[in-house]
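1. Sequence first, then the predicted structure, then my questions.
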Amino acid sequence: KSTGIVTNTRITHGTPSALYARSPSRYWEDNAKIPPHSHASCKDIARQLVENEPGRNINVLMGGGRRHMIPTSVYDREERNQRGRRTDGRNLLDEWVHDKKTRDLNAEYVWNKAQFDKVDPRHTDYLLGIFGYSHLDFEVDRNKGPSGDPSLAEMTVKAIQILRKNPHGFFLMVEGEEAGRQGSGRIDHAHHHNNGRRALEEIGALDESVQSALNLTSTKDTLIVLTADHSHVFTFGGDNTPRGHPVTAGRMDHAHHYNMAARALDEVGRLDECVKTALKLLDLSNTLLVVTADHSHTLTFGGASVPRGHPVLGLDTEISDLDGKPYTTLLYGNGPGYAHTTPTGRHDLTGFNTEDINFVQQAAVPRKYETHGGEDVPVYAIGPGSHLFTGTVEQTYIAHAIAHAACIADDNSHCEKPPSDDACAAAPGPVPAPTSRRPLGQVTPTVEDHKQQSRDHRAWSAGTRAWTWTTYHALTLLMLPLMVLLR
């Protein structure tokens, strides 16, 4: 299959690099970050991308991070006052281009939107687009002109147009909101700075990318998986209980209202025991068991009851019933937006433009950067094999499910069945001719090997059937004169 990576972070950052590199530290993006005693045994992540398998054979690579690919002697093309960070004197961008020319491959390297727009997917098999010195700009700050950067959606479209030319299919990873604490997709970065507006704008950009992918692919033969590796302590407040005290609520709800987290979590445990007991007593073949709630709390992810159409970035419709000051609908559990106390208490947001791009939401606990949340994150899937993504699973399960759906797992018996209504039953098609893109140590099967392995000794091939049918008719025609003579 053809392969591609699209991200709005550095191409050597946490999530994208996991697809092609092995490293004791995610921060070893260039050789200057590697301790001297490890230079002899460890390659930096950028070098692995350009030199090693599978990096050097990835068809589409788009993101940021030129600083880790050019030497300290070279100034960046966009940020003219910034130099590269490589201390080995190597320019990996030039080396990538040289490698593709040496192998006579149709390849392009671009670093701005004007060049990106000129790339013809029909005549391009390898594309390297490094559009930023470090991470790409937030969507609201992005320069949309010729000297700027393409959007996440535009990069997704171009990647699919290049990759889908391969009749054997493709794998594409698009990152818009994941990775570790010190950096990730730009949604993650905005959250770490308690900048709700930018975070929501980045979600919109990711949504456009998903829609673009859906427009260019068919759910009959393409599996799209959308997930995250963590959440944030971003809350959605404003549950003002205008109807009075929640006397009908359960004890879990009561504990939340009094900010007694330990009691609330204990009640969650009691509810979990009830569900398990019910599962033991019921026959799920004829019983529907539903577990839900009528609202949430701001312990980790709050909920709002403000009127429909109310600005999500605006103030709640009511002021605090304790300090008499307004507060935003969106709040953080911790981070740089900590509501510093003043002689009159919490900062008064009256007169503040809370929809300003640089407004920082208030947070309950002071931290230099906001932390990740701890609750489970959802997984959405559509296309062949999407039925595998249901319920609660461990994060490592996702990779195995994708491999199973793509017929590249250890057990591919489900792929050898005749076509049927089962989305996973269709054969994956012939194996492509040998290339250097294969797991290390694995001998790449040829098309002929695949035919021999998949051929049923009891079944006649199409050629054998045609030959037999032709021979039958020829013998029949030859026997007609003989029959006439015998008569």
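-> Done, it's in.
2. Would you map the strands across the stretch 51-200 of the chain?
-> Ranges of strands in the stretch 51-200 of the chain, per DSSP state E, counting those that start in this stretch, are 60-64, 107-110, 126-130, 170-175.
3. Need the CA coordinates for the second one. CSV is fine.
-> Included here for strand 107-110 are C-alpha records, laid out as CSV according to Å, rounded to 0.1, in the frame of the first residue of the first chain:
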residue,chain,number,x,y,z
ALA,A,107,9.0,13.4,-6.2
GLU,A,108,8.5,17.0,-5.2
TYR,A,109,9.6,19.1,-2.2
VAL,A,110,7.6,22.2,-1.3
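4. for that strand, packing partners?
-> helix 92-102, strand 126-130 (3 or more C-beta pairs under 8 Å, 6 or more residues apart in numbering; DSSP states H and E). (Each C-beta comes from the backbone N, C-alpha and C, glycine too.)
5. Redo these as a markdown table? Include mean pLDDT, mean neighbour count and distance to V119.
-> As requested, these are exported to a markdown table (pLDDT from 0 to 100; neighbours: other C-beta atoms under 10 Å; distance: least, C-beta to C-beta, whole Å):
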| stretch | mean pLDDT | mean neighbour count | distance to V119 |
| --- | --- | --- | --- |
| helix 92-102 | 98 | 16 | 14 |
| strand 126-130 | 98 | 24 | 6 |
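6. Which of these sits closest to E355?
-> Among the helices and strands packed on strand 107-110, the nearest to E355 by C-beta to C-beta is strand 126-130 (32.6 Å).
7. Paired strands for that closest one, with orientation please.
-> Strand 126-130 has these partner strands in its sheet, going by DSSP bridges: strand 60-64 (parallel), strand 107-110 (parallel).
8. Name the surrounding residues that touch that strand.
-> Strand 126-130 has contacts (C-beta atoms under 8 Å, 6 or more residues apart in numbering) with 11, 59-66, 69, 93, 96-97, 100, 105-111, 116, 119, 150, 155, 158-159, 162.
9. angle of that strand against helix 92-102?
-> Here strand 126-130 runs at an angle of 170 degrees relative to helix 92-102 (axes from the mean of the first three to the mean of the last three C-alpha atoms, to 10 degrees).
10. so where is the stretch 301-450 of the chain shaky, pLDDT-wise?
-> In the predicted model, the stretch 301-450 of the chain carries pLDDT under 70 at residues 301-306, 340-341, 374, 416-450.
11. so where do the helices sit in it?
-> Applying DSSP state H, counting those that start in this stretch to the stretch 301-450 of the chain gives helices spanning 397-405, 447-454.
12. End to end on stretch 125-141, go ahead and measure it.
-> Terminal residues of stretch 125-141 lie 31 Å apart, using C-alpha to C-alpha, to the nearest Å.
13. Likewise for stretch 81-92?
-> End to end - C-alpha to C-alpha - stretch 81-92 spans 20 Å.
14. tell me which residues in it are buried?
-> Buried residues in stretch 81-92, counted by 16 or more other C-beta atoms under 10 Å: 84-86, 90-92.
15. Let me see the contact set for R90.
-> R90 makes contact with 47, 71, according to C-beta under 8 Å, 6+ apart.
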